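1. Sequence plus predicted model, see below.
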Amino acid sequence: MGFKLKRLADQVMVITGASSGIGLTTAELAAERGARVVMNARSHEEIAAACERIRAAGGRATFYAGDVADPDAMEALAATAVREFGGFDTWVNNAGVSIYGRLADVPLADKRRLFDVNFWGVVHGCRAAVRHLRERGGAIINIGSEVSDRAVPLQGIYSASKHAVKAYTDALRMELEEEGAPVSVTLVKPGATNTMFIDHARTFMDKDPELPSPLYAPEEVAHAILKSAERPMRDVTIGGMTKMNAMVGVLAPRTTDYYMEKKFFAAQKKDYWTGRPDALYEPTQDGSRRGSTESHEMQRATLTRVMLSDAGRVLPFVALGGIVAATVAAMRKTG
């Protein structure tokens, strides 16, 4: 790879799903470090308010309200970046939504809609970004998930969409590298993260959704995204526990099946039902980094930070040992 990415302070960064959670956190931290940010979400009111908060704090930001499932909206988002800031250097495909419930209970229309957002939204964003970045150079960062590597029950269609995002990202990376395009393509795979994820998810369960402990802070995912914007990386997994889950799923798939069958049905449910609205078809009003989870949040993904550092790049075996240590420590802390 014979090109370098710009310093964040010299970049224009486009971020989808930027009105809450990981997208909002990434936009705010990028602006704090001097980047100009172009924010996208479906709700004009919410994304305009998020953009205004960044401007009020001294950052430079603009926005375009539109649905990632609409390819024309992603072209308009790219055009907004060109019109307002002369172009863009990093494009982050972050928008996504989940559905909880057994696959046999989820209507086909809802499954298609989820794929329209989670998978086709990434495709539409990448198409808009590649046309621009082939000439200018820069980074495409797609947000996958730990379920890109290992499916979980009760989120089967979400897992399938994130598997598809991983495959699309890997193929796009190889094609751009083969043609010599100056574009870095990174897949960021968060574990369970304390965002509005469960609040936005549609559910067909008899209880509200929950995320199993431990959760990672959205700032840790944003840190990995911003690192990937400045230094080409193939993929980044957030959290030692997340990495361990993926490794165990590969090394002992049937054992992992049995473990998830025993633990992950109850662990993904709260003990009550609120009947709250979801964001599958229409945006909800939120604007928050964090959601309503009652699970424990880990403030730092220490192992991931080490692996993203210069030392981590030359000490892979130390980093691997850290995965085991971090996982054991997390398991002890959560009982």
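-> Done, it's in.
2. Spell out, range by range, the strands that occur in the stretch 201-335 of the chain.
-> For the stretch 201-335 of the chain, the strands defined by DSSP state E, counting those that start in this stretch cover 202-203, 215-216, 235-238, 297-298.
3. how about the ones you listed in CSV, adding mean neighbour count, mean pLDDT and distance to residue 253?
-> C-beta coordinates here come from the backbone N, C-alpha and C atoms, glycine included. Below are the strands of the stretch 201-335 of the chain laid out as CSV (neighbours: other Cβ atoms under 10 Å; pLDDT from 0 to 100; distance: least, Cβ to Cβ, whole Å):
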stretch, mean neighbour count, mean pLDDT, distance to residue 253
strand 202-203, 20, 98, 27
strand 215-216, 24, 92, 24
strand 235-238, 24, 94, 18
strand 297-298, 20, 79, 26
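4. would you list every one of the helices in the stretch 1-150 of the chain?
-> Secondary structure of the stretch 1-150 of the chain (DSSP state H, counting those that start in this stretch): helices at 21-32, 44-56, 71-85, 108-118, 120-136.
5. need the longest helix for the protein.
-> Secondary structure of the chain per DSSP state H: the longest helix is helix 156-179.
6. For that helix, the averaged confidence score.
-> Average pLDDT, helix 156-179: 98.
7. And the residue lying closest to residue 232 once chain neighbours are set aside, how far from residue 80?
-> Among residues not flanking residue 232 along the chain, residue 184 sits closest, at 3.7 Å (Cβ to Cβ, 6 or more residues apart in numbering). Note on residue 184: its distance to residue 80, by Cβ to Cβ, to the nearest Å, is 22 Å.
8. Distance check, residue 135 against residue 281.
-> As defined by Cβ to Cβ, residue 135 lies at a distance of 36 Å from residue 281.
9. Look at those two and report which has more neighbours.
-> residue 281 (13 against 10; other Cβ atoms under 10 Å).
10. Apart from its neighbours in sequence, what residue is nearest the spatially most central residue of the chain?
-> The chain has residue 143 as the residue nearest its centroid, 3.4 Å off, counting by Cα atoms, centre = their mean. Counting by Cβ to Cβ, 6+ apart, residue 143 lies nearest to residue 94, which is 4.7 Å off, once chain neighbours are set aside.
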